[in-house]
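Student: this is a predicted model, with the sequence first.
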6 protein chains.
Amino acid sequence: MKLNEFCDLMESIAPKSLAMDFDNVGLLIEPDHDSVEKVLVALDLTLPVAEEAIAGGFDLVLTHHPIFWEPVKSFSAHDPETAAAYALIRRGIGHFAAHTNLDAAAGGVNDVLAELLMLTDVRPLPPENLGRVGKLKTPIPFSSFASLCETALHVKGRFVGDPDRVIETVGVIGGSGGGDVPFVCDAGCDAFVTGEMKHSQALTAQHLGLQCCVMGHYETEFPVLKPLITRLQNANHDVQYKLTYAGAAPLRSLEGGNLR
Amino acid sequence: MKLNEFCDLMESIAPKSLAMDFDNVGLLIEPDHDSVEKVLVALDLTLPVAEEAIAGGFDLVLTHHPIFWEPVKSFSAHDPETAAAYALIRRGIGHFAAHTNLDAAAGGVNDVLAELLMLTDVRPLPPENLGRVGKLKTPIPFSSFASLCETALHVKGRFVGDPDRVIETVGVIGGSGGGDVPFVCDAGCDAFVTGEMKHSQALTAQHLGLQCCVMGHYETEFPVLKPLITRLQNANHDVQYKLTYAGAAPLRSLEGGNLR
Amino acid sequence: MKLNEFCDLMESIAPKSLAMDFDNVGLLIEPDHDSVEKVLVALDLTLPVAEEAIAGGFDLVLTHHPIFWEPVKSFSAHDPETAAAYALIRRGIGHFAAHTNLDAAAGGVNDVLAELLMLTDVRPLPPENLGRVGKLKTPIPFSSFASLCETALHVKGRFVGDPDRVIETVGVIGGSGGGDVPFVCDAGCDAFVTGEMKHSQALTAQHLGLQCCVMGHYETEFPVLKPLITRLQNANHDVQYKLTYAGAAPLRSLEGGNLR
Amino acid sequence: MKLNEFCDLMESIAPKSLAMDFDNVGLLIEPDHDSVEKVLVALDLTLPVAEEAIAGGFDLVLTHHPIFWEPVKSFSAHDPETAAAYALIRRGIGHFAAHTNLDAAAGGVNDVLAELLMLTDVRPLPPENLGRVGKLKTPIPFSSFASLCETALHVKGRFVGDPDRVIETVGVIGGSGGGDVPFVCDAGCDAFVTGEMKHSQALTAQHLGLQCCVMGHYETEFPVLKPLITRLQNANHDVQYKLTYAGAAPLRSLEGGNLR
Amino acid sequence: MKLNEFCDLMESIAPKSLAMDFDNVGLLIEPDHDSVEKVLVALDLTLPVAEEAIAGGFDLVLTHHPIFWEPVKSFSAHDPETAAAYALIRRGIGHFAAHTNLDAAAGGVNDVLAELLMLTDVRPLPPENLGRVGKLKTPIPFSSFASLCETALHVKGRFVGDPDRVIETVGVIGGSGGGDVPFVCDAGCDAFVTGEMKHSQALTAQHLGLQCCVMGHYETEFPVLKPLITRLQNANHDVQYKLTYAGAAPLRSLEGGNLR
Amino acid sequence: MKLNEFCDLMESIAPKSLAMDFDNVGLLIEPDHDSVEKVLVALDLTLPVAEEAIAGGFDLVLTHHPIFWEPVKSFSAHDPETAAAYALIRRGIGHFAAHTNLDAAAGGVNDVLAELLMLTDVRPLPPENLGRVGKLKTPIPFSSFASLCETALHVKGRFVGDPDRVIETVGVIGGSGGGDVPFVCDAGCDAFVTGEMKHSQALTAQHLGLQCCVMGHYETEFPVLKPLITRLQNANHDVQYKLTYAGAAPLRSLEGGNLR
């Protein structure tokens, strides 16, 4: 597959026009060759992910988070800001990011999250339409919904609110959604599932009577990657995709002396 | 005790000059009377804390976090920004906050946290000197230290890094310390204990090889309150202090259908 | 009358959409009860006005100037910025402000002022449409018009311009209108009546040949209050209104050893 | 006298280093010749003042307020911002301004004002040291002091406060001093004499219990001009000074059909 | 011709609405009389140009560059910023500037430049439409085009690019156009003629493969003045125009011990 | 030679502390190996220079201008901003820049330029001390000095001022110095040699009576490179330096159908 065809395919899945103004998305590092045969997929472009791409002879690394957040003025293999980019450019491997555009896109981060939580009647969450609002088929107590979240996302969460409150309408924002608590309330939600929420944001949710499930930034965004690979492969069978576990969740739980 | 004597006593414990420029500390709501006999103590001035103060006939609520973060232009019992303040003023109860000055002060948030983790040779953490750096008496693997943190702080944490790495020098910043990861590395720490850390901050820590224990904003700041009460009572026996549990941790774990 | 009905009634008289962007209007302090039976009316919410509201058992204080101009971060009975608000909240009394929206509204500050000066063909004064432009029935020398202003507003004024100049078209802006001198000229006025005008603004008026009557901020805005009460009472007979003199003009003339 | 000698003389009386940062002082329009024989003196450089300078063959106009406040990008005889400057440059006449440096200087605006009000123990008023604080020889009721101000400054004033309050310590700021009310209180004053004060500033004074005499911008600054001329003439007898009345007070009272 | 008629005529040639936001154009110094009989024309209003206007009894100086670029707060014959303006105002002579509006106008700076270079199919250059894009009748090598530019503009240039590259489409921006190199490329040009280009801008052009002719700010703008005079004279025969050489090119070449 | 030794050596020649705040200097691209054996030297890191470095097996490219001026957020071989950096990183070659620190350093850009022009009594040029001021051994007419500049720098210049003016004191600023015309006058110079000067800066020089030689950005900075190489080689004989002509002057003259 030609590089520009891959870029066009990603544009059809997560159009750049959906990205927030401050974001940095698209082909952020150009590979040194024009064809794309092997793509490594991860949430973050960490140095171990870059090293796996090099070891495995990949053409491109596709991630959710962009490799450059702050612009850079110098380049070193020893600086955390540039180490992974240096490694990729050194070997001629490219990098493509689909970030807030993939949050907002149909079938993106938040649609996948809503589906995992078995929400129905799913619609965009105003005002930015990155997140989603949906309904549970049957109203259930918040403690049951919290348990459902832990099962669906394979992680222990942190929760705000009343375990006995019966909930039906649920807002979801993968990643860092704590700042959107007031918008989630305005949208009529009983509960809110997101990845990160600060203490002060949790207090606001508590005051507003919004039940929250804080399940981890990684854990609420990672699920989009497998369906994304499936869509990419269905569109073009010549490219080989690999979902890497080198870029695993940086924040883990302690279980029996190990971090999982 | 006279109100101004109470303020002077707090100033001797957590001098205003130690607070960050952006902070809002001191007597933020004046009570309608000049003597202080009963003080309710909490981490946050939530509405349930205000209601407990009213029900219990307290003169003053002493908290770590200030009641007003953003300045206000209108006042309502139904607005989360002003509801607790409205309730206190309505009943003539005052509010005193010791925030970043209590983080930095000797015997404050971070000294108490360092002591709970049994650190020795404790010194301020540059550049802001809010946090602390100390040493473990014996170097231990990070997995053992992580377990020690969970035991000491009575909460399940989230961890970054290598469970087998042997650690000795530890940085601590109660509350939200994730942004200080580079400073903690610069200070020569093997591990870092804090309350909140964003996903991108955890990736930076991972890249820099810093082991992190993310134990909750509430859980890393709450421990200061009991020793603070002890110091206040020792200074003046006429005042009665109560540590309230109305303002409990907003973010809790799910255990057997309950949030704890 | 229900509180929200009172707010709706005020909205029909002085819609919030007419207020300037920087303004702070509406229900700025919520009362602690839902019904409105007694309303105290004044130009400013000074501490004596708040004390009269408390002594008289009022539910609400309605003023032209909002109680908070700069947002506040702490609350004290001894700080001029918060003393009156503290007194009201302490007793559960509310505060409603109609400021630049009442300037601009039909029948508001400037319409009442134009009527007192017997202007006809009254229309909004561009560009902000807070003020008004009108005509005298018969052209008269400025000295006669100045005398008319002193009689109509019961106050000695300060004047700019030529006493013999015959004037016909008059601009009015209650309160502080000195900065609008160029706009008043552009609107074709021979004379301008306002409350406050700085020395440099008076020099501009002099240069542009605009006759000015500077009659006091208080004196040019106070007249709206009686007709406002009448309109409110006509709309709902269950509420009792009182125009207070506790909040009298702060700047007064010396007459026979007294300030009047 | 040479132009640069005149500038040096003014510098010795009102050093530029005393001016506020935002100010525009010194030789703002250079005359087209190097010697100074006739100087016209006024508070403001209005067009009538410029015309008197032209008609009288003056070399320079010396004023308190600078001719340019906002910088200019075009020059026209018909624009109020530039008309007087255009007239002067057209005839080769210069302009020298001593503004906030003359307020602050020994023997300047505020020292003269303090002397007119017979204050003793006069010292600079913090924090900017433009104004002065002094004492009355004998404490008197505010109504008597207000009357004294009207007599000394030949103008009817506007007053804030309690006519019966006995006052002794008095702050003075010629011109526009209303914004300094809190500083005047902090300096321990019972009363404050200034030129201009806004309604909201008067309310603050009222709340703080500060008696105020608001006597007019022009009337509180004009008195410095005669003693200034005397000092200039004593320093150099070759120059002829004239105090013009063309630039009279723009804001006047109505008396018997005239403005005075 | 009346002054306002002259201004209207210039508006018809170079409408103010075409000027950039930051520009300062139109009648920047008003003459002291209402009729315009003699107009001196130059690229810049330097002091020698002002002196020629005075010596020759001109009513107005018409230039491309405005006399005030930064606004001024003081006025002196010895300050380079104000010396020429001082000289003109002192003698009652006016100044009219047509700057970026004359760049963009039909028949203005860039149309004249395109015509001198014998371009056809001339159209505005996006995005600002100040410059022009046109075609050579026959494609020629860049070295031949460079030679043509030197002949047409009577000056030795500095050039970027490949002398053998055959060019056909040419962009032109009189004056300082180096910052527009990327836009000129986007417009499909093979070559670019402008007055000033910085070293770093030349490197960008080199990288992008754009041939550039850098012919001097003065030399690329001066040619508009003669056709402008012709148009003005055709419109009104009563006014006499003179193109001055007092304001000649400040940057010249060394030839035989002279600067030319 | 070790990489860090090379960096230390450059620091001893052009200390980073001499660089302007806005600058970007030092090891801007780290090579992928630790030893430095072959260094390519140029004024600018253009793509042809990068290609020569790759073809010649160089370890490092040392230039005056930094490769990144604006920080970058994406990386492509086809973007002029990143093409050369991409090529270097791709091959593991490093980049070191000494820019305004080399301008200011003893023996740097401006000392070399002053020496080429045979100036004596050379001292730093205030206020930034990047440039130099020196004296000619014998005062000569400006036309002779201009001719001397063309001979010394091997380029035809552009000149401002009076060819007959006898000059003695000369200021020099390699590269873009036009904005420093007023400082050069203040330093008492008769003439000024620099690389770039805008039209408006040339007019200021003309007004101030300062003779200027504008000799090209490249031509006034390039001379430093040979002496710099000599100093580097003298300090360490193991490293091989090559001065490349791939990065030649982008702006050239037309001579006989060629650009030189």
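Tutor: Perfect, thanks for sending it.
Student: ok, the residue of chain A most remote from its centre to chain F distance?
Tutor: In chain A, the greatest distance from the average C-alpha position (Cα atoms, centre = their mean) is reached by A:Asp164, at 29.8 Å. Remark: distance between A:Asp164 and chain F (Cβ to the nearest Cβ, to the nearest Å) = 48 Å. For the C-beta atoms, the positions are set from N, CA and C on the backbone; glycine is no exception.
Student: for the residue lying closest to that residue once chain neighbours are set aside, give me the pLDDT.
Tutor: Using Cβ to Cβ, 6 or more residues apart in numbering or on different chains and skipping the chain neighbours, the partner closest in space to A:Asp164 is A:Pro141 (5.5 Å). Confidence at A:Pro141, expressed as pLDDT, is 98.
Student: part of a strand, is A:Lys226?
Tutor: No. Using DSSP: H, G, I helix; E, B strand; the rest coil, the assignment for A:Lys226 is helix, not a strand.
Student: tally of neighbours for the nearest residue to it once chain neighbours are set aside?
Tutor: Leaving aside its sequence neighbours, A:Lys226 sits nearest to A:Leu243 (Cβ to Cβ, 6+ apart; 6.5 Å). Residues lying near A:Leu243 (other Cβ atoms under 10 Å in any protein chain shown) number 15.
Student: for A:Glu37, same thing?
Tutor: Neighbours of A:Glu37 using other Cβ under 10 Å come to 13.
Student: up against chain D, what does the stretch 1-150 of chain A have?
Tutor: Residues of the stretch 1-150 of chain A lying close to chain D (Cβ under 8 Å from any Cβ of the partner chain): none.
Student: could you pull out the helices in the stretch 1-150 of chain A for me?
Tutor: Shown for the stretch 1-150 of chain A, the helices assigned by DSSP state H, counting those that start in this stretch span residues A:3-13, A:47-55, A:83-91, A:100-104, A:109-116, A:142-153.
Student: who does the shortest one touch, helix- and strand-wise?
Tutor: The reference is to helix A:100-104. Packing partners of helix A:100-104 (3 or more Cβ pairs under 8 Å, 6 or more residues apart in numbering or on different chains; DSSP states H and E): helix A:109-116, strand A:166-176.
Student: cool, the first one as well?
Tutor: Applying 3+ Cβ pairs under 8 Å, 6+ apart, one finds that helix A:3-13 makes contact with strand A:26-29, strand A:94-97, helix A:225-235.
Student: how close does the one residue in the stretch 1-150 of chain A that gets nearest to chain C get to A:Glu221?
Tutor: The nearest approach of the stretch 1-150 of chain A to chain C comes at A:Pro127, 20.1 Å away (Cβ to the nearest Cβ). In this view, A:Pro127 and A:Glu221 are 21 Å apart by Cβ to Cβ, to the nearest Å.
Student: comparing these two, which residue is more hemmed in?
Tutor: More crowded of A:Pro127 and A:Glu221, by other Cβ under 10 Å: A:Glu221, with 26 against 10.
Student: got a list of what that one touches?
Tutor: Contact analysis of A:Glu221 by Cβ atoms under 8 Å, 6 or more residues apart in numbering or on different chains lists A:43, A:64, A:109, A:174-175, A:195.
Student: okay if I get these as CSV plus distance to B:Gln201?
Tutor: Converted to CSV, the contacts of A:Glu221 look like this (distance: Cβ to Cβ, whole Å):
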residue, distance to B:Gln201
A:Leu43, 15
A:His64, 17
A:Val109, 20
A:Gly174, 18
A:Gly175, 14
A:Gly195, 14
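Student: same for chain C: which of the residues you listed are within range?
Tutor: Answer for those near chain C: none qualify (Cβ under 8 Å from any Cβ).
Student: is there proximity between stretch A:49-62 and chain B?
Tutor: No. Contact of stretch A:49-62 with chain B is not found when judged by Cβ under 8 Å from any Cβ; the minimum separation is 10.6 Å.
Student: chain center to that stretch: distance?
Tutor: 20 Å (Cα atoms, centre = their mean, to the nearest Å).
Student: and for stretch A:180-192?
Tutor: With Cα atoms, centre = their mean, you get 20 Å for stretch A:180-192.
Student: how about stretch A:20-27?
Tutor: Centre to centre, stretch against its chain (Cα atoms, centre = their mean), the figure for stretch A:20-27 is 14 Å.
Student: so which bits of it are buried?
Tutor: Residues of stretch A:20-27 classed as buried by neighbour count (16 or more other Cβ atoms under 10 Å in any protein chain shown): A:23-27.
Student: stretch A:49-59 now?
Tutor: Buried residues in stretch A:49-59 (16+ other Cβ under 10 Å): A:49-50, A:52-54, A:58-59.
Student: please apply the same query to stretch A:137-148.
Tutor: A:141-148.
Student: ends of it, how far apart?
Tutor: 13 Å (Cα to Cα, to the nearest Å).
Student: with stretch A:119-131 instead?
Tutor: Start-to-end, stretch A:119-131 (Cα to Cα) is 13 Å.
Student: what sits up against it?
Tutor: Contacts for stretch A:119-131 (Cβ under 8 Å, 6+ apart): A:20, A:100, A:103-104, A:110-111, A:114-115, A:132-137, A:170-174, A:177, A:180, A:183-184, A:186-187.
Student: mean confidence for it?
Tutor: Rounded mean pLDDT across stretch A:119-131 is 97.
Student: and it, what's buried?
Tutor: Quick answer for stretch A:119-131 (16+ other Cβ under 10 Å): A:119, A:122, A:124-125, A:130-131.
Student: export these to JSON lines and append columns for distance to B:Arg91.
Tutor: As requested, the buried residues of stretch A:119-131 are exported to JSON lines (distance: Cβ to Cβ, whole Å):
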{"residue": "A:Leu119", "distance to B:Arg91": "43"}
{"residue": "A:Val122", "distance to B:Arg91": "45"}
{"residue": "A:Pro124", "distance to B:Arg91": "44"}
{"residue": "A:Leu125", "distance to B:Arg91": "38"}
{"residue": "A:Leu130", "distance to B:Arg91": "42"}
{"residue": "A:Gly131", "distance to B:Arg91": "39"}
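Student: which among the residues you listed gets closest to chain E?
Tutor: For those, the nearest to chain E is A:Leu130 (31.3 Å; Cβ to the nearest Cβ).
Student: for chain F, see how far away that closest one is.
Tutor: 21 Å.
Student: ok, now A:Ile89?
Tutor: Per Cβ to the nearest Cβ, A:Ile89 is found 4 Å from chain F.
Student: give me the spatial nearest neighbour of that residue, chain neighbours excluded.
Tutor: That would be F:Ile89: by Cβ to Cβ, 6+ apart, it lies 4.4 Å from A:Ile89.
Student: next one, pLDDT for that neighbour please.
Tutor: pLDDT, F:Ile89: 97.
Student: burial count for it?
Tutor: Close neighbours of F:Ile89, defined as other Cβ under 10 Å, add up to 28.
Student: and for the one 4 residues further on?
Tutor: Using other Cβ under 10 Å as the criterion, F:Ile93 is surrounded by 23 other residues.
Student: just A:Lys226 next, same as before
Tutor: For A:Lys226, using other Cβ under 10 Å, the count is 13.
Student: quick one: it and A:Gln233 touch, right?
Tutor: No. At 10.7 Å, A:Lys226 does not count as touching A:Gln233 under the criterion of Cβ atoms under 8 Å.
Student: centroid-nearest residue for chain A?
Tutor: By Cα atoms, centre = their mean, chain A has its centre lying nearest to A:Glu221, at 2.7 Å.
Student: if we can go back for a sec, identify the farthest-apart pair in the buried residues of stretch A:119-131.
Tutor: Farthest-apart pair in the buried residues of stretch A:119-131 is A:Leu119 and A:Leu130; separation 15.7 Å (Cβ to Cβ).
Student: got a list of what the closest residue to A:Ser76 other than its chain neighbours touches?
Tutor: Of all residues not flanking A:Ser76 in the chain, F:Glu30 sits nearest, at 4.1 Å (Cβ to Cβ, 6+ apart). By Cβ under 8 Å, 6+ apart, the contact list for F:Glu30 reads A:75-78, A:86, F:3, F:94.
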